[in-house]
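1. I'd like to go over a predicted model; first the sequence, then the structure.
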Amino acid sequence: MNIEYENVFCYLGFGGIEPNPDTIKLVDECTHEIQDISNPKYTYEIFDIKRQNKVLFLRGSNIIFSEDDILHYLKDSSKVALIAATLGIEIDRRILLYMKTQPIKGLILDACASAAIESLFSKADSEVKSIALAQDLYATFRYGPGYGKFPLHFQFEILQALDAYRKIGLSVTESFLLSPRKSLTAIMGLRQTMPLKGENRTKCMSCSAVNCQYRKDESLLE
C-alpha cells in the first residue's frame, strides 16, 4: 500500500507550500505506523444493469437508481462495479488516541490514513478496470456516495450488496457514515465505448464541493 506524500500534504492543507523538516519527519513516522497497524481490505463485484422507464436496477442486488445525476452518469454503461475498501478499526483508535494526547501527530496520522485509503481504493479500481478491459468494456471515473448529487444513504445499499461486513468488516452508521472511518465506497460504470477525455473525471472533479480544501487542482488532471 503506497502512501503518496503529495496527497498527505494536500490533506494537511499545505497546497504549494513546502512542509518544514519537523512535519516531514512526523509524516514519515505516521506512514510507517499506518503500515504496521492497518488491516487493508477491499472487495468489489460487477452487476448487470436493467433499465425500466426512468429507473435503473442492478441485477442480483436490491439497488435501484432513479436519481437524475446517477442515471446520467450511467447512461452509456451496461454494467456497474460496486467497490468498498477499509484500513481497519485500529487506525481509527490510534487517531483518536493521538488527538487526545498528541494533537498535531493525530492530525498528521489522519491525513496519512486518508492518503492510504485512497491508494488502497485505487488498487481495487485498477483491478476492476482490468476485468472490464478483458470483457472489451471501459470504466468511467469512480463516483462515491456523498459526492456531487449521489445520496449518502447509498453507502448502506452498496455494503449490503457486497456483503461487506462479512468480507472486510465494513459497516455503516445510522447517519450513513462508514465504520471504520478510514474507508471508502464507490460505483464505476462499465461501457462499450471509451470515455472521452473530459468525461473520465476524478471524484474531486465530479464533486459539487468546489471550495473543499482537499480538492485537487483540476489543471493537473487534464
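-> Sure, I can see it.

2. tell me which element the nearest residue to Leu58 once chain neighbours are set aside is part of?
-> Spatially, and ignoring its direct neighbours in sequence, Leu58 is nearest to Phe47 (4.0 Å; CB to CB, 6 or more residues apart in numbering). No exception for glycine: its C-beta is placed from N, CA and C like everyone else's. Using DSSP states H and E, Phe47 falls within strand 41-52.

3. Would you point out which residue is most central in the protein?
-> Nearest residue to the geometric centre of the chain (CA atoms, centre = their mean): Leu184, 4.1 Å.

4. in the sheet, who's paired with it?
-> Counting by DSSP bridges, Leu184 forms beta bridges with Ala85.

5. again with the one 5 residues further on
-> Taking DSSP bridges, one obtains Val80 as the residues bridged to Gly189.

6. what comes up buried for the helix or strand harbouring Phe121?
-> Using DSSP H and E, Phe121 maps to helix 103-134. Neighbour-count burial for helix 103-134 flags 105-121, 124-125, 128-129, 131-132 (criterion: 16 or more other CB atoms under 10 Å).

7. Off-centre distance for that helix?
-> Computed by CA atoms, centre = their mean, to the nearest Å, the separation of helix 103-134 from the middle of its chain amounts to 7 Å.

8. Tell me which residues touch the residue nearest to Leu58, please.
-> By CB atoms under 8 Å, 6 or more residues apart in numbering, the contact list for Phe47 reads 58-61, 63, 79-82, 161.

9. Look up how far Glu33 lies from it.
-> Phe47 sits 37 Å away from Glu33, going by CB to CB, to the nearest Å.

10. Could you do Val128 as well?
-> Distance of Val128 to Glu33, computed by CB to CB: 29 Å.

11. Over to Ala111?
-> Distance of Ala111 to Glu33, computed by CB to CB: 13 Å.

12. With Gly106 instead?
-> The gap separating Gly106 from Glu33 is 12 Å, by CB to CB.

13. Compute the distance between Thr31 and Gln135, please.
-> On the measure of CB to CB, Thr31 and Gln135 end up 36 Å apart.

14. If you could redo that for Glu67, that was the one I meant.
-> Counting by CB to CB, the separation of Glu67 from Gln135 is 26 Å.

15. same deal with Ala81?
-> For Ala81 relative to Gln135 (CB to CB), the value is 11 Å.

16. again, but for Lys129
-> Taking CB to CB, one finds Lys129 at 11 Å from Gln135.

17. For stretch 119-137, what is the distance to the chain centroid?
-> Counting by CA atoms, centre = their mean, stretch 119-137 is centred 14 Å from the centre of its parent chain.

18. One more: stretch 72-88?
-> Using CA atoms, centre = their mean, the offset of stretch 72-88 from its chain centre is 10 Å.

19. got the CA positions of it in PDB?
-> The C-alpha trace of stretch 72-88 is given here as PDB (Å, rounded to 0.1, in the frame of the first residue of the first chain):
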ATOM      1  CA  HIS A  72     -26.800  10.500 -16.400                       C
ATOM      2  CA  TYR A  73     -23.500   9.100 -15.000                       C
ATOM      3  CA  LEU A  74     -24.500   5.600 -16.100                       C
ATOM      4  CA  LYS A  75     -26.300   6.500 -19.300                       C
ATOM      5  CA  ASP A  76     -23.900   4.600 -21.600                       C
ATOM      6  CA  SER A  77     -23.000   1.800 -19.200                       C
ATOM      7  CA  SER A  78     -24.200  -1.800 -19.400                       C
ATOM      8  CA  LYS A  79     -22.600  -2.900 -16.100                       C
ATOM      9  CA  VAL A  80     -21.800  -1.300 -12.800                       C
ATOM     10  CA  ALA A  81     -19.000  -2.200 -10.400                       C
ATOM     11  CA  LEU A  82     -19.500  -1.700  -6.700                       C
ATOM     12  CA  ILE A  83     -16.300  -1.200  -4.700                       C
ATOM     13  CA  ALA A  84     -15.600  -0.900  -0.900                       C
ATOM     14  CA  ALA A  85     -12.300  -0.700   0.900                       C
ATOM     15  CA  THR A  86     -11.100  -0.100   4.500                       C
ATOM     16  CA  LEU A  87      -7.900   0.300   6.500                       C
ATOM     17  CA  GLY A  88      -9.500  -1.400   9.600                       C
END
